[in-house]
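Chemist: I need the structure of the sequence given here:
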Amino acid sequence: MERIRIWILAIRPKTLPAALAPVIVGTSLAWADGVFSLFPALAAGLVALLLQVGANLANDYFDGINGYGPWVLLPLLTLPLAMHWSGFVSRHADAALNRALAGTANLTLIFAVLFAIGLAAWV
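Modeler: Next comes the predicted model:
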């Protein structure tokens with residue numbers, strides 16, 4: 001259970017609504033214009049979430065391998081905990097974090113392509 005909690009912290013769930021905000025605005029405008037379609041809305045939301053998760057994992061990964069920690073980021077006390085300098089994981093987690101980042105990037109690419117194909121068929 002602890003490992004799941006660590007990975008949930010790594011994706012920084014508090015940042016995910018920021019990824020969905022533009023999708024919600026666009027979907028609302030499509031609804032108001034009478035051109036709303038569920039598939040593009042869901043696909044855009046999924047791609048936006050995956051992009052945000054990937055950005056969060058990349059931030060954690062590169063902070064860890066470059067040795068950035070709270071002593072560098074101290075003026076920005078509102079930052080969420082990072083996996084490396086929070087003490088949750090050791091430096092050996094670089095490989096796991098790198099794999100998670102690659103997996104997220106691949107999933108994002110797959111869903112973005114499916115989204116584009118779906119939009120081409122929808123238009």
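Chemist: going forward, measure contacts between C-alpha atoms and count neighbours the same way
Modeler: Will do.
Chemist: Can you tell me how far the residue lying farthest from the centre of the chain is from residue 45?
Modeler: Relative to the centre of the chain, and counting by CA atoms, centre = their mean, the farthest-placed residue is residue 34 at 30.0 Å. Residue 34 is 19 Å from residue 45, where distance means CA to CA, to the nearest Å.
Chemist: so after the helix or strand bottoming out on mean pLDDT in the chain, what's the next helix or strand?
Modeler: None of the helices or strands of the chain scores lower by mean pLDDT, DSSP states H and E than helix 70-73, at a mean of 52. Downstream of helix 70-73, the next assigned helix or strand under DSSP states H and E is helix 94-122.
Chemist: chain center to that following helix, what's the gap?
Modeler: Computed by CA atoms, centre = their mean, to the nearest Å, the chain-centroid distance of helix 94-122 equals 11 Å.
Chemist: Report all helices and strands that that helix contacts.
Modeler: helix 38-66 (3 or more CA pairs under 8 Å, 6 or more residues apart in numbering; DSSP states H and E).
Chemist: The helix it packs on packs against which elements?
Modeler: Using 3+ CA pairs under 8 Å, 6+ apart, helix 38-66 sits against helix 2-11, helix 16-33, helix 94-122.
Chemist: worst average pLDDT in these?
Modeler: With a mean of 79, helix 2-11 has the lowest mean pLDDT of these.
Chemist: tell me which residues of that helix are tucked away?
Modeler: Within helix 2-11, the residues that qualify as buried by neighbour count (16 or more other CA atoms under 10 Å) are 9, 10, 11.
Chemist: That concludes my questions; thank you for your assistance.
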